[in-house]
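**Q** Take a look and give me a structure for this.
(one chain, ligands or ions: 1)
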Amino acid sequence: MVGRVIGKQVVVIGAGMAGLAAAGALADHFERVIVLERDRLPDQAVPRLGTAQARHLHALLPGGQRALSDLFPHFERDLVEAGSVPLRMSRDIRMEIPGLGPLPSRDFGWFLYCASRPLIELITRRQVGRLTNVTMRPGCRVLEITASPDGTMVTGVVCETADGRQETLTADLVVDASGRAAPTLALLRSSGLPTPDEIAIGIDLHYTTTTFAIPEDAPTDWRGIATHPHAPERNRGGFMLPAEGNRWVLTLSGRLGERPPDEPEGFMDYARGLETQTIYNAIKHAKRESGFERYAFPASVWRRFDRLGEFPRGLLPIGDSLCRFNPVYGQGMSAAAQQARLLKQLLQGRVTKADPLARLAPAFFSESLPLVEAPWNMSAIPDLVYPETRGDRPADFESRLQYNGALLRAAMHDPAVHRLLAEVQQLLKPPSALQDPAVDRLVQLELSQMAAE
Ligand SMILES: Cc1cc2nc3c(=O)[nH]c(=O)nc-3n(C[C@H](O)[C@H](O)[C@H](O)COP(=O)(O)OP(=O)(O)OC[C@H]3O[C@@H](n4cnc5c(N)ncnc54)[C@H](O)[C@@H]3O)c2cc1C
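**A** The predicted structure follows:
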């Protein structure tokens with residue numbers, strides 16, 4: 001580690017997926033990494049209060065899984081050993097696209113590791129637990145970030161410990177992975193510094209989730225499924241993946257006034273009312289293993305820290321604190337892991353600098369822009385199809401929509417386009433990978449057919 005160290009102590013606020021991934025990125029470059037988490041952290045794969053979303057389906061996209069494996073070499077092995085279910089992309093996953101039908105079952109040669117969110121988090125926590133210079137302090141709530149009187153230089157945090165004492169920790173760097181950036185925004189406000197613009201897309205999304213024992217007569221042609229609604233006329237979706245313990249986690253979603261019920265009869269009726277009967281037929285005789293959990297997600301929010309000219313030295317928001325994505329597209333954990341991997345690369349590149357922490361945050365904000373922008377645009381365009389969705393539509397909205405429709409049609413017919421589209425959607429490749437003359441030719445062909453229909 002000597003020679004790579006650029007600071008004595010770094011404090012990470014929050015031991016969610018962003019905070020854990022960040023700890024993995026920071027460990028090589030600071031003498032001590034302290035992760036402060038307000039919750040008590042269970043040693044089992046069970047949900048906890050601070051991450052209410054953990055009771056709902058969480059897909060770890062291959063792009064995020066790869067980033068976590070880059071940060072923690074044993075992540076994938078440990079996730080498999082803990083009972084996650086590897087599904088072959090996209091052979092084992094039935095993607096039901098309204099108006100087109102299911103995308104063809106094709107084997108692209110990579111896996112989606114399916115597990116409950118508590119298990120994914122537990123396995124990540126164990127990776128962090130192996131890093132000898134990282135201390136995790138559960139039951140420790142950060143009350144405020146401390147800074148120089150003008151707010152331009154962060155000095156540490158004040159926290160409330162598990163036994164109710166207040167403690168001040170000094171830090172060369174504070175990473176805000178608290179999910180809503182509340183400590184960062186409070187510091188900016190109290191110091192009279194500008195706060196970031198927030199771009200919001202009001203989707204008014206509701207989730208209801210339960211689990212089923214996977215029955216003996218489960219379908220053999222798919223193992224996980226996504227049934228998307230025919231937008232904008234319909235707004236019910238269904239997403240079901242296997243998880244450890246031979247169960248299916250099923251999340252039903254509704255938007256803009258549609259709320260999936262949280263009682264058995266209503267839930268089954270709602271499942272029957274999805275775009276197709278595939279999920280209903282799979283679960284109608286299956287044994288339900290848990291109660292119903294609900295979650296309301298009013299809006300996706302992107303805080304444009306990248307647009308702030310100046311930012312306090314020694315402070316870095318990451319993960320949901322930067323951007324909360326519509327969960328339907330399963331991007332949040334993966335985007336957070338990719339941001340953490342980028343942070344590690346940035347720190348590596350600064351080791352030999354005289355002042356490695358100078359302007360770290362602005363560099364991070366600008367370099368992480370593509371890692372946020374790509375998943376944001378992928379979900380914003382289909383979300384904005386609903387006229388009631390609140391948010392600014394880009395000037396070229398209609399043509400982007402047409403393009404996306406044509407791309408999906410091309411993916412149906414052409415395995416190479418399907419593969420490339422899956423790589424982009426699963427955050428393995430940037431959207432620019434689709435700017436390929438061969439892909440463009442096929443999309444143009446579909447566009448002219450669509451115009452003729
Ligand atoms: C319903 C739902 C479903 C989702 N499904 C998916 C999915 O399928 N795939 C996917 O990749 N992502 C999904 N996500 C997104 C995903 O959960 C997050 O994007 C991801 O976990 C990264 O979050 P985070 O670590 O930045 O924040 P969080 O998960 O919110 O974690 C923040 C942590 O900080 C702690 N904390 C907060 N304040 C303090 C404080 N003051 N002091 C100390 N600790 C504090 C909290 O207790 C918590 O542990 C979903 C989200 C929702 C809401």
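**Q** Just give me the neighbour total for residue 453.
**A** Residue 453 has 4 neighbouring residues, counting by other Cβ atoms under 10 Å. In this view, the C-beta of every residue, glycine as well, is placed from N, C-alpha and C.
**Q** Please determine how far it is located from residue 447.
**A** From residue 453 across to residue 447, the span is 11 Å (Cβ to Cβ, to the nearest Å).
**Q** Next: residue 193.
**A** Distance from residue 193 to residue 447, counting by Cβ to Cβ: 47 Å.
**Q** How about residue 155?
**A** Distance from residue 155 to residue 447, counting by Cβ to Cβ: 56 Å.
**Q** and if you look at residue 393?
**A** Computed with Cβ to Cβ, the distance linking residue 393 and residue 447 is 20 Å.
**Q** With residue 85 instead?
**A** Distance, residue 85 to residue 447, using Cβ to Cβ: 38 Å.
**Q** Show me the strands in the stretch 1-150 of the chain, by range?
**A** Assigned by DSSP state E, counting those that start in this stretch, the strands in the stretch 1-150 of the chain fall at 7-13, 30-37, 85-89, 93-97, 101-102, 110-114, 134-138, 141-147.
**Q** what do you get for the stretch 251-400 of the chain?
**A** Using DSSP E, counting those that start in this stretch, strands in the stretch 251-400 of the chain cover 293-303, 315-317, 323-324.
**Q** which strands and helices sit next to the second one?
**A** In terms of contacts (3 or more Cβ pairs under 8 Å, 6 or more residues apart in numbering; DSSP states H and E), strand 315-317 is packed against strand 173-176, helix 182-190, helix 360-383.
**Q** circling back to that earlier point, buried deepest among the strands of the stretch 251-400 of the chain, which one?
**A** Mean neighbour count (mean count of other Cβ atoms under 10 Å) peaks for strand 315-317 among these, with a mean of 27.
**Q** So it, near the ligand or not?
**A** No. Residues of strand 315-317 are not located near the ligand by Cβ under 6 Å from any ligand atom, the shortest gap being 9.1 Å.
**Q** OK, now which residue of the stretch 151-300 of the chain is nearest to the ligand?
**A** Going by Cβ to the nearest ligand atom, the ligand is nearest to residue 179 of the stretch 151-300 of the chain, at 2.5 Å.
**Q** Now do the contacts for the nearest residue to that residue once chain neighbours are set aside.
**A** Leaving out its chain neighbours, the residue that sits closest to residue 179 by Cβ to Cβ, 6 or more residues apart in numbering is residue 320, at 4.5 Å. By Cβ atoms under 8 Å, 6 or more residues apart in numbering, the contact list for residue 320 reads 16, 18, 179, 180, 332, 336.
**Q** Weed out the non-buried ones from those.
**A** Neighbour counting over these (16 or more other Cβ atoms under 10 Å) leaves 16, 18, 179, 332, 336 as the buried ones.
**Q** So the second one is in contact with residue 319, correct?
**A** The one in question is residue 18. Yes. The criterion here is Cβ atoms under 8 Å, and residue 18 meets it with residue 319 at 2.4 Å.
**Q** Give me the common contacts of the two.
**A** Shared contacts of residue 18 and residue 319, counting by Cβ under 8 Å, 6+ apart, come down to 177, 179, 336, 339.
**Q** The second one contacts residue 16, doesn't it?
**A** What that stands for is residue 179. Yes. Residue 179 is in contact with residue 16 according to Cβ under 8 Å; the separation is 6.1 Å.
**Q** Please enumerate the shared neighbours of the two.
**A** Between them, residue 179 and residue 16 share these contacting residues under Cβ under 8 Å, 6+ apart: 51, 319, 320.
**Q** any idea of the mean pLDDT for stretch 167-186?
**A** Summarised as a single mean, pLDDT over stretch 167-186 is 98.
**Q** List the buried residues of it.
**A** 169, 171-179, 181, 183-185.
**Q** Greatest separation within those: which pair is it?
**A** 172 and 179 (23.0 Å; Cβ to Cβ).
**Q** hmm, back to that, out of the contacts of residue 320, which is nearest to residue 409?
**A** Using Cβ to Cβ, the contacts of residue 320 come closest to residue 409 at residue 332, 28.5 Å.
**Q** who touches the closest one in this structure?
**A** Applying Cβ under 8 Å, 6+ apart to residue 332 gives the contacts 17, 319, 320, 324, 325.
**Q** mind putting these in JSON lines, distance to residue 205 included?
**A** What follows is the contacts of residue 332, written out as JSON lines (distance: Cβ to Cβ, whole Å):
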{"residue": "17", "distance to residue 205": "20"}
{"residue": "319", "distance to residue 205": "19"}
{"residue": "320", "distance to residue 205": "15"}
{"residue": "324", "distance to residue 205": "11"}
{"residue": "325", "distance to residue 205": "11"}
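**Q** Can you lay out the residues you listed as CSV showing pLDDT?
**A** What follows is these, written out as CSV (pLDDT from 0 to 100):
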residue, pLDDT
17, 98
319, 98
320, 98
324, 98
325, 98
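**Q** closest to residue 119 among those?
**A** Using Cβ to Cβ, the contacts of residue 332 come closest to residue 119 at residue 17, 12.1 Å.
**Q** In this model residue 337 seems to touch the closest one, though I could be wrong.
**A** Yes. Applying Cβ under 8 Å, one finds residue 17 in contact with residue 337, separated by 6.9 Å.
**Q** ok, the two, which is more surrounded?
**A** Legend: neighbour count by other Cβ under 10 Å for residue 17 and residue 337, higher for residue 337 (34 against 30).
**Q** Check the contact between that one and residue 61; I expect there is one.
**A** No. Residue 337 is beyond contact range of residue 61, at 9.4 Å (criterion: Cβ under 8 Å).
**Q** who's in contact with residue 203?
**A** 255, 256, 297, 298, 299, 300, 326, 383, 386, 389.
**Q** Next: residue 390.
**A** Counting by Cβ under 8 Å, 6+ apart, residue 390 has contacts 200, 201, 202, 299.
**Q** If I look at the most centrally placed residue in the chain, what pLDDT would I see?
**A** Most central in the chain under Cα atoms, centre = their mean is residue 332, positioned 1.0 Å from the mean C-alpha point. pLDDT recorded at residue 332 is 98.
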